[in-house]
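Student: Give me the fold of what follows.
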Amino acid sequence: MATMDIFEGDAFSIIELTRALENIPFKPAILSGAALFGSRGVRSRTVMIESRDGTLQLIPFSERGSAFESQIPERRDMRAFVVRQFKKQDVLWASEIQGIRDFGSETAVQQVQTEVARKLGRLRNDAEATFEFHLFNGIQGVVKDPRDGATVINYYTEFNITPAAEVDFDLDNATPGSGALRKRCQALIESVEDTLGGLAAGAVQLRAECGSAFFADLVAHKEVRETYLNTAAAADLRGRVGEEVSFGGITFRRYRGGLGFGVPTDKAYFYPEGVEGLFEIYYAPADTFETVNTVGLPLYARMIPDRDRDEWVRLEIESNPLPICTRPQVLRSARRT
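Tutor: Residues are numbered from 1 along each chain as shown. Here you go, the predicted model:
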């Protein structure tokens, strides 16, 4: 029969529990499954971000023997950001493993591991939803507290950047001008290209996360329907429209939010894809002696036994993430009308 002594083994150390957490099947959400944010582990709780005004300039012709044109010094700003933390716990009571015995080919340790994995899986699902919340706010250039939605870091404010004006897509216009929607998309792409400067290699791939009403009116728009006429994708527009559609060089996706966050129904958030270093998420190490000064991992798990009454063990998960958009001036937003 399994007893509380079973948790003294190596199978339930922080290293093994963290590995077990990584082996739980991942359920990708919209943004966390898109590999949009580069993942970086750091050894400290503070991340230093430097902003440089690296503007390109044309060099004029000079007379031979004349003085060299002087380079204008870059304006550099350095900011220190504290990595935030979220954590949650569950309890495995002695009564829950009281009936576990050795039988067949499965040992008591293996059976208890199964129960621990089940509880860790529930914690992992909550963590995945929390990561999605942080990435969703990252594409808006902010970091928010999941508790109340309060803005913790505003990267526009931190680097003295004025957000771009919201674009009116005029999707409720019953008689839109010919090509007006495509021109609006092209202007939006060019605006982002100009802001990216030399960061973008080749054509900019722009994606929009849309609210339900914005997306519905977009796919019902005359220009969009005419674009897909006589194509294989026309069947999608005739029936129930899927999750995304491409038009005017932009991939529009209906963002299925939940848990109190998501794109407002009449809005859309735009960001470029495939730009290296544009979106990063930093992970600091857990608050334990075993992990201090090590490179941070996305998620940690550990177990705290009841030393007083020997009645339970507490399972804990912890993460110390900091999502960053290194160039928030490239982000855009739009409204349906």
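Student: mind checking pLDDT for the closest residue to G260 other than its chain neighbours?
Tutor: The shortest distance from G260 to any non-neighbouring residue, by CB to CB, 6 or more residues apart in numbering, is to G149 (7.4 Å). Heads up, the C-betas are built off the backbone N, CA and C, glycines and all. The model reports G149 with a pLDDT of 92.
Student: my read: G149 touches G262, true?
Tutor: No - the pair G149 and G262 fails to qualify as a contact (CB atoms under 8 Å) at a distance of 11.8 Å.
Student: More neighbours: these two, which one.
Tutor: Taking other CB atoms under 10 Å, G149 and G262 do not tie; G262 has more neighbours (17 against 11).
Student: about what we covered before: got phi/psi on the residue nearest to G260?
Tutor: phi 80, psi 10 (degrees, to the nearest 10).
Student: From R335, how far out is it?
Tutor: Here G149 is placed at a distance of 20 Å from R335 (CB to CB, to the nearest Å).
Student: and what of D126?
Tutor: Applying CB to CB to D126 and R335 gives a distance of 32 Å.
Student: got it, and A284?
Tutor: 37 Å.
Student: Check T291 too.
Tutor: Noted for T291: a distance of 45 Å to R335, by CB to CB.
Student: What count of nearby residues applies to the residue lying closest to K144 once chain neighbours are set aside?
Tutor: Distance criterion CB to CB, 6+ apart; nearest residue to K144, sequence neighbours excluded, is N137 at 4.8 Å. As a burial measure, N137 scores 21 neighbours (other CB under 10 Å).
Student: Would you mind giving the secondary structure of N137?
Tutor: Each residue gets one of three states, and N137 gets helix by DSSP: H, G, I helix; E, B strand; the rest coil.
Student: Check R314 too.
Tutor: strand.
Student: show me what contacts it?
Tutor: 89-92, 303-306 (CB atoms under 8 Å, 6 or more residues apart in numbering).
Student: ranges for the strands of the stretch 1-150 of the chain?
Tutor: If you assign secondary structure with DSSP state E, counting those that start in this stretch, the strands in the stretch 1-150 of the chain sit at 38-41, 46-52, 76-82, 86-93, 142-144.
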